[in-house]
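> need a structure here:
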Amino acid sequence: MADEVLVAEAPRGMSQLRRVLDTFVAPTATFTDILRCTQWWLPFLLMTFATLAVAYTIDRQVGFQQVVETQIHLNPAQDEQMAAMQPEDRAVQLQRMATGYRYVTYATPVLILVIAAMGSLVLWVSFNFGLGARATYAQFFCLWMFANLPRLLAALVTVITLCFGGSPESFDLKQAAGTNIGYYVPDVWPWLRALLSFFDVVGLWVVALLIVGSAIIAKVKVGQAAAVIIGWWLLVVIVSVAATAVFS
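Have a look, this model is predicted:
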């Protein structure tokens, strides 16, 4: 009887919906609960719905043909290469690229899983082997899913912008939401715009959540978690800007 009473009075933990809401208002509660349960299905469903809504809105309000033409225009090297092609060949190439962009955009939920799997693996290895933590891969995967929930706001901004006044001709798939500095300076050098795009309200919010969550999951100091997360973030920034400089 005593055991039954203890079980009945034991805390049940947080619901998935509560964990999602607390990610925005009380993230430490959500991340602490991950130590108890590593379910991540609700964040993934929400991100799937959001990304498909963005894809559908782009398809209807802009069109992937226009998306491709804008991306080519923003890449001087590619723009020059396409301009040198015969009109018929250029039209065929544009159509192929538009089809590819459409497939990739609608397949974003799959990309979310792939990126989450890779990012979680990097964090798991970094903290467990670099700082001697004992966290599980499942905990880091769950953390990644919840920490990226602010990206739902960027998706919402994109849909609202396209539906209420956004210009199809100026829509940039890589800068879909006006949450970063790069969005507001389209005419600077491509590498500089790529750099400025990392100074993003939503992106930096995600970084902050990963720092707090990793400290809780790995049971390390916040400063140590910050060193790992910011270190990897800086590496991504450097590689992305360098690649843009080389191929633009």
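> only C-alpha atoms for contact and neighbour calcs from this point on.
OK.
> next SSE downstream of the helix or strand of the chain with the lowest mean pLDDT?
The weakest-scoring helix or strand in the chain, judged by mean pLDDT, DSSP states H and E, is helix 2-9 (a mean of 36). Note on helix 2-9: by DSSP states H and E, the next helix or strand toward the C-terminus is helix 16-25.
> and the nearest residue to Pro150 once chain neighbours are set aside, how many neighbours?
Nearest residue to Pro150, sequence neighbours excluded (C-alpha to C-alpha, 6 or more residues apart in numbering): Val202, at 6.1 Å. With neighbours defined by other C-alpha atoms under 10 Å, the count for Val202 comes to 20.
> and Val202, what element?
Once you assign secondary structure using DSSP H and E, Val202 falls within helix 201-218.
> give the rounded mean pLDDT of whichever helix or strand comes after that helix.
Going down the chain from helix 201-218, the next helix or strand is helix 222-247, by DSSP H and E. In this model, helix 222-247 has a mean pLDDT of 96.
> show me what helix 222-247 is packed against.
Using 3 or more C-alpha pairs under 8 Å, 6 or more residues apart in numbering; DSSP states H and E, the elements in contact with helix 222-247 are helix 108-130, helix 190-197, helix 201-218.
> where does this structure have low pLDDT?
Across the chain, the stretches falling below the confidence threshold (pLDDT under 70) are 1-12.
> show me what contacts the closest residue to Phe140 other than its chain neighbours?
Distances taken as C-alpha to C-alpha, 6+ apart put Ser120 closest to Phe140, at 5.3 Å, once the chain neighbours are dropped. For Ser120, the contacting residues are Tyr137, Phe140, Phe141, Trp144, taking C-alpha atoms under 8 Å, 6 or more residues apart in numbering as the criterion.
> one more: Tyr184?
Residues in contact with Tyr184, defined by C-alpha under 8 Å, 6+ apart, are Gly178.
> same question for Ala116.
With contact taken as C-alpha under 8 Å, 6+ apart, Ala116 is in contact with Phe141, Trp144, Met145.
> cool, and Leu74?
Applying C-alpha under 8 Å, 6+ apart to Leu74 gives the contacts Pro190.
> ok, it to Glu88 distance?
Leu74 is 22 Å from Glu88, where distance means C-alpha to C-alpha, to the nearest Å.
> hmm, back to that, can you put the helices and strands packed on helix 222-247 in a markdown table and add distance to Trp232?
Rendered in a markdown table, the data for the helices and strands packed on helix 222-247 read as follows (distance: least, C-alpha to C-alpha, whole Å):
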| stretch | distance to Trp232 |
| --- | --- |
| helix 108-130 | 9 |
| helix 190-197 | 15 |
| helix 201-218 | 10 |
